[in-house]
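Trainee: Got a sequence here, can you build the structure:
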Amino acid sequence: MPPAESPSTASPVRGTPRTWASLVGSIRIGQAVITVVLLAIGAWRAAADGVPLPWVLALSLVFLGWYGGGLLLSDRISDRRLATWWLLGLTLIWLGAVVVSPEFVWLAFPLWLLAGFVMRLRWALLLSVAILAVVVTAPLLHTGTTSYANVIGPLVGGVFALGISRGYLELVRDGRERRRLIASLVATQEEMAALQDELARTQRESGASEERTRVSRDIHDTVAQSVSSIGMLARSALEADDPAQRTRALEQIGALAAEGMADARRIVNALMPAELESTALGDALARMLERLADETGIATTLHADDDLPSLGLDVEVALLRTAQSALANVRSHASASRVVVTLADAGDAVRLDIVDDGIGFDATRWDAQGGVAGQGGGYGLRSMRARLRELGGGLDVESAPGDGTALSAHVPFGGTVQARRSGGEG
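Mentor: Numbering: from 1, shown residues only. Here you go, the predicted model:
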């Protein structure tokens, strides 16, 4: 029977160095070779001393058979108790051989090795002491004499053999620990890969959701408003009796259609708004107000600070879309006769105010409901507030039925992606 901590457990696994596994295997093979060689030496010397050859062969074959059978079973069974009984049986066979001839004391060395392999340390020491006592007294019992060499030599050999066996067990335990660590590392790597895949999937889904929201806002603030205006101009053209008025309406429809097409192309290509491509925000607002006045007859006024610092593309786009949506509401719902737009430096933020003298609405109720979806206020106002919050800003709405509407959008200077994220959480 093999050691309870079987040498076979030291077989290499993926990631275990082959040199280490070869060392453990070599020790096991070396142990078997030493046993066979010492058995052959003892048998030869016993036969030379006059022990009948049949007795020598019988004892040698019994010892070798018991030893070899234990080695064969070692690959299938790793029961320490069974291995201990196997070793005790082998020791008894050896003791019988020593009784027949003291030359078989040579086999004490592999027994010391096996004791260190199979038994716990305290029991291995007891058995080793017993084997040493047999080795020391055997020559004395057979010949009546002994020598210091017969005592010192076996003592050194026993200590050396026991030390080798315990070191071998440490190698086996080290191999098990290596395999455990390798398995743990592989499992951790697989878990990290799964987490990275999940994180990447979540980021893709989050990015897709943010992009859908952005595109939805852009379409509402640009293409949808242009289509709405085209519808209003088309109805007015159909109702008009004056050919000149119809021609003017058709020209305005054409201009709106071209503008909507340009915005659609910019949205698809993820480029900046067409209004900001070659001009400043103040100029873009002036053109929007001019177009509103030309199409509806509403009186418009723009007050824009000339010394505004650089706002950044994200801030300019957000303020432009806010103005577009607010002016579209004025056009469609306010029944206003005048609109005043102010773009000003408010210290640590830029402020865009849009005030009309239209019919107004109940802004108190809208603010109390938070301006969220499904709670009134319209998609346009919700979209404005959400876009501005993403940049760390906000939207204030003041209005009452019959009292006009005042929108005030503010964004801190230097709005970045980080500010947009933190603002979106607020």
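Trainee: Please count neighbours and contacts with C-alpha atoms only from this point.
Mentor: Will do.
Trainee: Point out where the stretch 151-300 of the chain drops to low pLDDT.
Mentor: For the stretch 151-300 of the chain, applying pLDDT under 70 flags the ranges 151-153, 155, 157-158, 160-163, 165-169, 204, 207-208, 211, 265-279.
Trainee: same check, this time on the stretch 1-150 of the chain
Mentor: Checking the stretch 1-150 of the chain against pLDDT under 70 turns up 1-28, 74-80, 117, 119, 140-150.
Trainee: Which parts of it are helices?
Mentor: Secondary structure of the stretch 1-150 of the chain (DSSP state H, counting those that start in this stretch): helices at 18-48, 53-74, 80-100, 108-118, 121-143, 148-218.
Trainee: Next: the stretch 251-400 of the chain.
Mentor: Counting by DSSP H, counting those that start in this stretch, the helices of the stretch 251-400 of the chain are 281-296, 313-329, 363-368, 378-390.
Trainee: Please name whichever of those is nearest to residue 46.
Mentor: Smallest distance to residue 46 across those (CA to CA): 97.2 Å, for helix 378-390.
Trainee: what angle do that closest one and helix 313-329 make?
Mentor: Inter-element angle recorded for helix 378-390 and helix 313-329: 160 degrees (by axes from the mean of the first three to the mean of the last three CA atoms, to 10 degrees).
Trainee: Work out the gap between helix 378-390 and the centre of the chain.
Mentor: Relative to the centre of its chain, helix 378-390 is centred 35 Å away, using CA atoms, centre = their mean, to the nearest Å.
Trainee: picking up where we left off before, looking at the helices of the stretch 1-150 of the chain, spot the one closest to residue 313.
Mentor: helix 148-218 (14.5 Å).
Trainee: list the buried ones in the next helix or strand after the closest one?
Mentor: The first helix or strand that comes after helix 148-218 along the chain, using DSSP states H and E, is helix 225-239. Buried residues in helix 225-239, counted by 16 or more other CA atoms under 10 Å: 225-230, 233-234, 237.
Trainee: Could you single out the most deeply buried of the helices of the stretch 1-150 of the chain?
Mentor: Using mean count of other CA atoms under 10 Å, the stretch among the helices of the stretch 1-150 of the chain with the largest mean neighbour count is helix 108-118, at a mean of 25.
Trainee: if we can go back for a sec, take the helices of the stretch 251-400 of the chain and lay them out in JSON lines including mean neighbour count and distance to residue 182.
Mentor: Formatted as JSON lines, the helices of the stretch 251-400 of the chain follow (neighbours: other CA atoms under 10 Å; distance: least, CA to CA, whole Å):
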{"stretch": "helix 281-296", "mean neighbour count": "18", "distance to residue 182": "61"}
{"stretch": "helix 313-329", "mean neighbour count": "21", "distance to residue 182": "49"}
{"stretch": "helix 363-368", "mean neighbour count": "15", "distance to residue 182": "60"}
{"stretch": "helix 378-390", "mean neighbour count": "21", "distance to residue 182": "46"}
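Trainee: Out of these, flag the one nearest residue 52.
Mentor: Comparing the helices of the stretch 251-400 of the chain by CA to CA, helix 378-390 comes nearest, at 102.4 Å.
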